[in-house]
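Chemist: Any chance you can model this:
(one chain, ligands or ions: 1)
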Amino acid sequence: MLRLPFRRLRPLSAASGRSFSGLPPPLPAAQVRSTFLDFFRDKHGHLLVPSSPVRPRGDPSLLFVNAGMNQFKPIFLGTADPRSEMASYHRVVNSQKCVRAGGKHNDLEDVGRDGYHHTFFEMLGNWSFGDYFKVGGALYCTWSRPTGEGGASVCNCVMSGGDPRHLAGPGDNFWEMGDTGPCGPCTEIHYDHVGGRDARTLVNMDSPDVVEIWNLVFIQYNREVDQSLRLLPRFSVDTGMGLERLTGVLQGRRSNYDTDLFTPLLHAIQQRSGAGPYAGRTGTADEGQVDLAYRVVADHIRTLSVCIADGVHPGMSGAELVLRRILRRAVRFCIEVLKAPQGALASLVPTVTYMLVKYISHNASELGESGRRTGCSLVRGFCFWFWFWSEWSGTNCPVCVSASVAWSLHRDLGFPLDLVDLMLAERGVQVDRQELDRLIAENQVVSEQQAGVSSRLMLDVLSLAALQRVGVPHTDDSLKYAYRLEDGRYVFPACHATVLALFDGQALVPEVREGQSCGVILDRTCFYSEQGGQSHDRGYFTCSCLQVSSVSQDVLFPVEAVHRAGGYVVHQVTAVDSLKTGDQIQLHLDQAHRMSCMVKHTATHILNFALRKVLGSAVSQRGSHVSADRLRFDCSIKGSLSSSQLQQVERCVNDIISANQIVHSQEVPLQTARTIRGLRTVDEVSPDSPPCPVSAGVSRPCPGGLTAGVSQLCLRCAYIFSHLLQTGAIKDLVIVSEKQLVKGISRIIAVTGRDAVRVSNVNDITGGGVTDLSELLICCVLPLQDSPALAASDWAVALCQHLGGSAGGSALVAQGTGSSSDITEALRWAEDFACQKTQR
Ligand SMILES: Nc1ncnc2c1ncn2[C@@H]1O[C@H](COP(=O)(O)OP(=O)(O)OP(=O)(O)O)[C@@H](O)[C@H]1O
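Modeler: The predicted model follows:
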């Protein structure tokens with residue numbers, strides 16, 4: 001027997017629905033929200049918990065929180081800290097801020113085109129954690145509220161069935177939060193805005209009238225990183241219903257934009273722009289896309305406001321990049337379509353704040369600044385854009401534009417690439433996508449390499465000229481190579497130096513005072529400067545300074561960065577005491593850090609060699625970066641690597657490592673270097689450096705054409721980077737991830753030594769082989785080692801979560817916290833966790 005799930009209110013006319021000054025809507029959204037929450041809390045004993053911020057807490061599998069269940073992931077997985085409040089949850093209800101603009105759930109494309117997909121929306125949800133569960137048709141949750149008119153139930157939802165007059169039919173499905181994580185079969189409830197017909201065939205068919213409003217998921221599994229499904233320790237119920245869609249249904253509006261969640265915002269947009277009133281048109285009826293622009297701007301300003309309030313700011317990668325695109329898209333529609341003046345977007349923030357007062361804080365100023373900057377760049381862009389189209393308008397309008405034009409719109413004029421795509425698509429023009437992808441990948445590599453030095457104190461052209469004018473000689477940095485092996489240990493030379501010049505960020509100065517940031521130029525150094533993909537050295541200076549008491553004391557100046565400019569090596573420090581030109585200092589190198597970089601550097605070249613050996617000489621390097629933690633290697637490869645090929649590459653590298661081959665180097669003239677067979681990147685040698693080929697292996701390269709060694713290393717690196725003297729110090733290499741950046745270009749990330757052993761252990765425990773799981777470990781857990789603020793239990797929880805709750809993994813992370821003081825506590829915690837699992 002089917003029950004009546006939703007009684008549709010008599011639809012109001014479109015005009016009255018959009019009237020900004022008309023009667024108040026029949027059921028304000030705020031009341032829809034509170035009725036839902038109160039119902040589950042008061043009638044069914046659910047605990048009302050607050051929404052989490054939209055930035056996921058400690059969950060790298062998500063860019064944004066995309067569902068109410070995200071914050072409860074540890075409960076589903078059984079990894080919640082038993083001492084935490086969360087561990088006591090059985091029945092919970094809330095209204096969660098969700099953003100679906102990236103990752104598995106990405107609705108950005110639909111926003112504005114229909115009336116029910118938003119990038120930001122509130123998800124109403126109720127949960128049972130091992131409490132009630134689906135028992136045939138017996139389980140039901142009724143949710144009802146009296147209307148102002150006669151107390152009729154407007155919403156009476158029965159999970160076990162539906163009325164064909166109103167329910168379009170339950171869609172059986174399987175719901176997943178992302179590529180990994182808790183999941184399970186689900187029943188969706190769809191609402192037919194037309195009603196009185198069998199709309200089952202329209203379910204999930206993108207019909208604007210038949211819309212999913214509630215999804216009831218029966219969480220039973222965890223999707224593991226290898227894509228298998230692991231049965232969870234207990235079964236749970238997880239439901240999610242969009243507040244905006246539900247409000248639309250209850251207010252009798254087909255479009256959410258016609259509800260009181262949006263109408264004040266649309267009104268504010270109209271006031272600030274030169275556009276006519278919002279008329280709710282879609283598709284071809286919406287000539288000039290004015291109503292589309294209204295919807296996009298209204299949607300995006302909500303998303304921007306909520307995200308910024310939660311600490312996600314428009315930026316250059318991950319969630320921040322997504323937000324930057326949203327900001328740019330909103331600005332573009334504001335300026336180009338709605339003809340709004342600059343600053344109009346930011347001026348909407350108070351309206352959003354007023355409407356979502358519960359969530360939004362003082363973000364108007366930031367959005368104002370960000371929006372203003374974006375606006376300026378887009379205004380320039382649009383001038384170019386109009387010129388571009390006027391040039392090609394008429395018969396010569398191209399069907400396909402070259403990738404470099406699209407790229408220049410992006411790089412030079414600041415258009416986001418998806419906006420370029422959109423603008424071209426709107427005019428029926430295609431872009432050479434393959435070539436564009438190549439340009440994107442190339443740029444990504446370059447910008448990542450440059451990122452490390454962008455924020456440093458850089459010597460400008462004038463200061464360089466001034467240095468030369470006063471006769472400051474170039475820095476002698478040959479000591480950075482002067483390390484040797486003694487009894488199997490690397491010994492680095494001591495280095496005393498004289499301060500020749502000080503740069504305060506603007507000009508050369510004779511002295512810097514305490515607290516001042518400056519660039520220090522010495523006559524000699526043993527420090528590496530950051531260049532070409534290898535991190536700079538770490539360490540400090542000591543300087544004998546005269547104290548007030550006339551007693552001389554050693555003062556320590558930590559070196560924050562080291563870079564090179566025109567033959568000078570600049571050490572960036574923040575002065576802890578006064579420092580003057582002529583001061584004598586002693587340099588102290590962080591030898592462990594240097595060793596780690598040398599290990600990764602030599603390993604990178606061996607990896608390059610091994611890839612070519614396994615896959616053939618067509619493999620070519622597209623970029624690399626080595627730091628103390630890991631190495632990254634980008635190369636062009638046809639297709640992606642199979643796991644057996646990756647294993648072969650690893651084996652080849654590890655054979656060279658375990659043979660402890662000698663790494664040879666020898667200075668030769670450039671002409672001679674060019675004749676050495678197998679030697680690569682000869683052209684990259686810097687003109688003022690004698691070329692120095694390096695190889696590892698049985699044969700030693702020498703002038704006159706000797707074959708390069710087993711693992712030929714590159715010429716350029718030999719001179720400006722440090723290499724190991726023997727390969728054995730690498731100890732072990734494990735590839736932790738391999739993925740395609742774009743078609744034809746793969747990025748490999750590998751770790752060495754102790755980290756490689758740890759990753760192998762994780763793989764043994766999880767049976768993972770070479771998986772993204774290990775990358776997670778590297779990306780998310782190992783970097784935390786430097787954070788003293790983390791309690792041991794956090795370690796255990798973090799890894800348990802990343803390993804899908806594996807007790808072995810927990811123990812492993814406890815070991816991995818060797819650098820943290822609280823290893824015993826971590827182990828105890830890991831044991832607790834293992835015990836808890838066994839008991840269950
Ligand atoms: N982009 C969105 N904007 C507004 N509400 C949404 C959005 N995505 C999902 N919802 C709401 O959240 C509920 C649960 O989310 P779920 O992941 O099941 O939706 P979905 O299957 O992605 O929906 P759809 O297929 O309509 O995009 C949906 O039933 C709907 O009410």
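
Chemist: Which parts of the stretch 251-400 of the chain are strands?
Modeler: 400-401 (DSSP state E, counting those that start in this stretch).

Chemist: residue boundaries of the helices in it?
Modeler: With DSSP state H, counting those that start in this stretch, the ranges of helices along the stretch 251-400 of the chain come out as 263-272, 290-309, 318-332, 349-355, 364-392.

Chemist: among these, where is the model least confident on average?
Modeler: Out of these, helix 364-392 stands lowest, with a mean of 42 (criterion: mean pLDDT).

Chemist: residues touching Q740, list them.
Modeler: With contacts defined as C-beta atoms under 8 Å, 6 or more residues apart in numbering, Q740 is in contact with 640, 746-747. C-beta coordinates here come from the backbone N, C-alpha and C atoms, glycine included.

Chemist: Of those residues, just the buried ones, PyMOL syntax please.
Modeler: This is how PyMOL selects the buried members of the contacts of Q740, with burial counted by 16 or more other C-beta atoms under 10 Å:
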select buried, resi 746+747
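
Chemist: Name the nearest of the contacts of Q740 relative to the ligand.
Modeler: For the contacts of Q740, the closest approach to the ligand (C-beta to the nearest ligand atom) belongs to S640, at 28.5 Å.

Chemist: In three-state terms, label that closest one for me.
Modeler: coil (DSSP: H, G, I helix; E, B strand; the rest coil).

Chemist: does it really touch I745, like I thought?
Modeler: No - applying C-beta atoms under 8 Å as the test, S640 and I745 come out as separate, 10.4 Å apart.

Chemist: What average pLDDT does the helix or strand encompassing W175 get?
Modeler: Assigned by DSSP states H and E, W175 falls within strand 171-176. The average pLDDT for strand 171-176 rounds to 73.

Chemist: now swap in stretch 129-137 and tell me
Modeler: For stretch 129-137, the per-residue pLDDT averages 62.

Chemist: Kindly report the same for stretch 202-213.
Modeler: For stretch 202-213, the per-residue pLDDT averages 86.

Chemist: now the closest residue to G242 other than its chain neighbours: how far from D209?
Modeler: Spatially, and ignoring its direct neighbours in sequence, G242 is nearest to F121 (5.1 Å; C-beta to C-beta, 6 or more residues apart in numbering). The gap separating F121 from D209 is 19 Å, by C-beta to C-beta, to the nearest Å.

Chemist: And for R438?
Modeler: For R438, the distance to D209 - C-beta to C-beta - is 43 Å.

Chemist: which of these two has more neighbours?
Modeler: For R438 versus D209, neighbours defined as other C-beta atoms under 10 Å are more numerous around R438 (19 against 14).

Chemist: Can you classify that one as helix, strand or coil?
Modeler: Going by three-state DSSP: R438 is helix.

Chemist: what's the distance between it and the ligand?
Modeler: Per C-beta to the nearest ligand atom, to the nearest Å, R438 is found 33 Å from the ligand.

Chemist: repeat for L338
Modeler: Distance from L338 to the ligand, by C-beta to the nearest ligand atom: 22 Å.

Chemist: pLDDT value on that residue, please?
Modeler: pLDDT, read off for L338, is 94.

Chemist: wait, what's in contact with it?
Modeler: 269, 273-275, 290, 293-294, 297, 344.

Chemist: same thing but at 6 Å, please
Modeler: 273, 275, 293 (C-beta atoms under 6 Å, 6 or more residues apart in numbering).

Chemist: Would you show me how to pick out the buried ones of those residues in PyMOL?
Modeler: Buried residues among those (16+ other C-beta under 10 Å), as a PyMOL selection:
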select buried, resi 273+275+293
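
Chemist: quick one: which of the contacts of L338 is nearest the ligand?
Modeler: Nearest member of the contacts of L338 to the ligand, counting by C-beta to the nearest ligand atom, is A293, at 18.5 Å.

Chemist: Return the closest of the contacts of L338 with respect to T525.
Modeler: A293 (57.0 Å; C-beta to C-beta).

Chemist: From what I see, the closest one and F333 are in contact.
Modeler: Yes - using C-beta atoms under 6 Å, A293 is in contact with F333, at 4.1 Å.

Chemist: what separates V626 from R632, distance-wise?
Modeler: Distance from V626 to R632, by C-beta to C-beta: 8 Å.

Chemist: More neighbours: those two, which one.
Modeler: V626 (23 against 19).

Chemist: tell me which residues form a beta bridge with the more buried one?
Modeler: Beta bridges link V626 to Q534, L631, judged by DSSP bridges.

Chemist: quick one: it and A729, what's the gap?
Modeler: Taking C-beta to C-beta, one finds V626 at 14 Å from A729.

Chemist: again with D523
Modeler: From D523 to A729 the distance is 31 Å (C-beta to C-beta).

Chemist: Tell me which of those two has more neighbours.
Modeler: The neighbour comparison of D523 against A729 (other C-beta under 10 Å) goes to A729, with 20 against 14.

Chemist: From S658, how far out is that one?
Modeler: A729 is 12 Å from S658, by C-beta to C-beta.

Chemist: Could you report the neighbour count for the residue lying closest to F64 once chain neighbours are set aside?
Modeler: Nearest residue to F64 in three dimensions, chain neighbours excluded: V99, at 3.7 Å (C-beta to C-beta, 6+ apart). As a burial measure, V99 scores 31 neighbours (other C-beta under 10 Å).

Chemist: Just to check, V99 is in contact with F120?
Modeler: Yes - contact status for V99 versus F120: in contact at 5.3 Å, counting by C-beta under 6 Å.

Chemist: what's near enough to touch D583?
Modeler: Contacts of D583 by C-beta under 6 Å, 6+ apart are 499, 543.

Chemist: ok, now which ones touch V472?
Modeler: 500-501.

Chemist: May I have the secondary structure class of it?
Modeler: Applying three-state DSSP: V472 is coil.

Chemist: quick one: it from A501, how far?
Modeler: 5 Å.

Chemist: Also S517?
Modeler: On the measure of C-beta to C-beta, S517 and A501 end up 15 Å apart.

Chemist: H625 too?
Modeler: From H625 to A501 the distance is 30 Å (C-beta to C-beta).

Chemist: related to what we said a few turns ago, from V306, how far off is the residue nearest to F64?
Modeler: Per C-beta to C-beta, V99 is found 7 Å from V306.

Chemist: what sits in contact with each of the two?
Modeler: Listed as contacting both V99 and V306 by C-beta under 6 Å, 6+ apart are F120.

Chemist: Outline the domain layout of this structure.
Modeler: Domains of the chain are assigned by the TED database as 29-253, 261-387, 403-446, 461-589, 595-702+712-760, 773-837.

Chemist: which stretch in those domains is the model least sure about?
Modeler: domain 773-837 (a mean of 40).

Chemist: quick one, what contacts D537?
Modeler: With C-beta under 6 Å, 6+ apart, D537 has these contacts: 527-528, 562, 589, 594.

Chemist: Okay, and which of those map to strands?
Modeler: 562, 589 (DSSP state E).

Chemist: Please tell me how far Q726 sits from H625.
Modeler: Taking C-beta to C-beta, one finds Q726 at 24 Å from H625.

Chemist: Looking at the two now, which is surrounded by more residues?
Modeler: H625 (21 against 18).

Chemist: Please work out how many residues are found near H496.
Modeler: So H496, with other C-beta under 10 Å, has 11 neighbours.

Chemist: Surely it forms part of a helix?
Modeler: No - assigned with three-state DSSP, H496 falls outside any helix and is strand.

Chemist: Now it. Nearest residue, chain neighbours left out?
Modeler: Q586 (5.5 Å).

Chemist: if I look at the one you found, how far off is M241?
Modeler: Taken as C-beta to C-beta, the span from Q586 to M241 is 67 Å.

Chemist: same thing with T35?
Modeler: 12 Å.

Chemist: repeat for G280
Modeler: Look at G280 and M241: by C-beta to C-beta, they are 24 Å apart.

Chemist: same thing with E176?
Modeler: 18 Å.

Chemist: So for these two, which sits in the more crowded spot?
Modeler: Of the pair E176 and M241, M241 is the one with more neighbours under other C-beta under 10 Å, namely 24 against 18.
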